[in-house]
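Participant: only geometry, no sequence info:
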Ligand SMILES: C=C1C[C@]23C[C@@]1(O)CC[C@H]2[C@@]12CCC[C@@](C)(C(=O)O1)[C@H]2[C@@H]3C(=O)O
Ligand SMILES: O=C(O)CCC(=O)C(=O)O
Ligand SMILES: [Fe+2]
């Protein structure tokens, strides 16, 4: 059953008994202009489908492929990444175990309504929309112990150890991918040690977002997770292997002036890497932070596990000087991840634009006009 808040708007903490529904309640029906599903937009010729990069290939092959993918797509899939299939299956099974709990149990670990980040609830961006998502989320920052104890007072260990092992695997992999991305921007290994977004990488608290999208009787009328960019440097996503749902907004300059939603096909054992807002900033806008969303399926539920990799809290992320064109200057000021997240809570997809600096060339022009 879903609840209504005093204002008559559906409560964001509403908990549906998904299985009991044979149609989508009004609280979850999205206006068509926000859905723009365009079924045909999913039929993308293979020549322009999202890159799949095998990390076992030589660096001289992988690095340019990654650079190109980040510039044109803002995302790519990786295979040969070394994270065992056993670990991907384990984290998926534990995620499934969590979302299969009765609603009343899950609500014991509900995210605190007064600005909490960790715990069970709709994705945080849900507050920007008057309609609810056809999904449930669980956010882990650092250790999952406190919340897992509320869910399984006597047997929380399996869940916690799976999440810890997975976070560790993702931490190592994200460092490796970030180094390849920085090298594709022309930085040497020594430059990378100096420039710093990876400084203290081992101490950064892992952020995991577990997402569950139940089957939906009317998938074309609702939204699993609305359009957004991730605030991280990069996000690594594991998605269930048989059900599609993740889509990217892709601008294919060569054929079509309008961006299109492109499906990210699930490939067993592959992981999706999204360029996040902070990488867009450090690359001075060269790498493109990707707008993405999740839609739902009539028959199948879907699970995704997203690992958000960011810098240490006190580290100010700004465009890397070595790659800033001196004629243009930096496009963004330095900003810490917590500060960026607090802006994002208020401004959602307008956050990057809100901090963008006028280009140096334009600044000089404007200064001349004043003189
Ligand atoms: C580090 C974070 C990124 C995130 C906000 C958060 O503090 C924890 C949850 C993350 C998440 C996951 C689902 C999509 C997203 C936009 C959201 O609503 O919560 C991201 C946030 C983000 O990238 O800004
Ligand atoms: O479900 C997905 O594949 C996308 C999840 C996502 O974008 C997120 O958690 O930020
Ligand atoms: Fe995302």
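Facilitator: Structure received. None of these values were measured; they are calculated from a predicted model. Ligands and ions are numbered 1, 2, ... in the order given.

Participant: Residues of this protein that sit close to ligand 1?
Facilitator: Contact residues of the chain with respect to ligand 1, defined by C-beta under 6 Å from any ligand atom, are listed as 117, 123-125, 139, 207, 209, 228, 230-232, 308, 341, 344. (Each C-beta comes from the backbone N, C-alpha and C, glycine too.)

Participant: now those as CSV including distance to residue 300 and secondary structure?
Facilitator: Formatted as CSV, the entries for the residues of the chain next to ligand 1 read as follows, by distance: C-beta to C-beta, whole Å; DSSP: H, G, I helix; E, B strand; the rest coil:
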residue, distance to residue 300, secondary structure
117, 29, coil
123, 20, coil
124, 25, helix
125, 24, helix
139, 24, strand
207, 27, strand
209, 20, strand
228, 23, strand
230, 24, coil
231, 29, coil
232, 28, coil
308, 26, strand
341, 32, helix
344, 31, helix
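
Participant: List only those of those residues flagged as buried.
Facilitator: In the residues of the chain next to ligand 1, burial by neighbour count holds for 123-125, 139, 207, 209, 228, 230-232, 308, 341, 344, counting by 16 or more other C-beta atoms under 10 Å.

Participant: Out of these, the closest to residue 50 would be?
Facilitator: Checking those against residue 50 with C-beta to C-beta, the nearest one is residue 230 at 15.9 Å.

Participant: Pretty sure residue 336 sits against residue 317.
Facilitator: Yes. Because the distance of 7.1 Å satisfies C-beta atoms under 8 Å, residue 336 is recorded as touching residue 317.

Participant: ok, the two, which is more surrounded?
Facilitator: Set side by side, residue 336 and residue 317 show unequal neighbour counts under other C-beta atoms under 10 Å, the larger going to residue 317 at 23 against 17.

Participant: What separation is there between that one and ligand 2?
Facilitator: Residue 317 sits 19 Å away from ligand 2, taking C-beta to the nearest ligand atom, to the nearest Å as the criterion.

Participant: just residue 122 next, same as before
Facilitator: Spatial separation of residue 122 from ligand 2 under the definition C-beta to the nearest ligand atom is 12 Å.

Participant: I'd assumed residue 136 was in contact with that residue.
Facilitator: Yes. In this structure, residue 122 sits in contact with residue 136. The criterion is C-beta under 8 Å, and the distance is 7.2 Å.

Participant: Show me where the stretch 151-300 of the chain has its helices.
Facilitator: Taking DSSP state H, counting those that start in this stretch to define them, one finds helices in the stretch 151-300 of the chain at 157-184, 189-195, 277-282.

Participant: Let me have those in TSV, adding mean neighbour count as columns.
Facilitator: Written out in TSV, the entries for the helices of the stretch 151-300 of the chain read as follows (neighbours: other C-beta atoms under 10 Å):
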stretch	mean neighbour count
helix 157-184	19
helix 189-195	13
helix 277-282	26
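
Participant: looking at these, which is closest to ligand 2?
Facilitator: If you check each of the helices of the stretch 151-300 of the chain against ligand 2 by C-beta to the nearest ligand atom, helix 277-282 wins as the nearest, at 11.9 Å.

Participant: And the contacts of the closest one?
Facilitator: When contacts are taken as C-beta atoms under 8 Å, 6 or more residues apart in numbering, the neighbours of helix 277-282 outside the stretch itself are 70, 74, 178, 181, 195, 197, 229-234, 287-289, 310-311, 317-320, 331-332, 335, 337, 340, 344, 351-352.

Participant: Now with 6 Å, please.
Facilitator: Contacts made with helix 277-282 from outside it, assessed by C-beta atoms under 6 Å, 6 or more residues apart in numbering, are listed as 197, 229, 231, 233-234, 287, 289, 317, 320, 332, 352.

Participant: Spit out the contact partners of the residue nearest to residue 225 when sequence neighbours are not counted.
Facilitator: Nearest residue to residue 225, sequence neighbours excluded (C-beta to C-beta, 6 or more residues apart in numbering): residue 294, at 4.1 Å. Contacts for residue 294 (C-beta under 6 Å, 6+ apart) come out as 224-225, 245-246.
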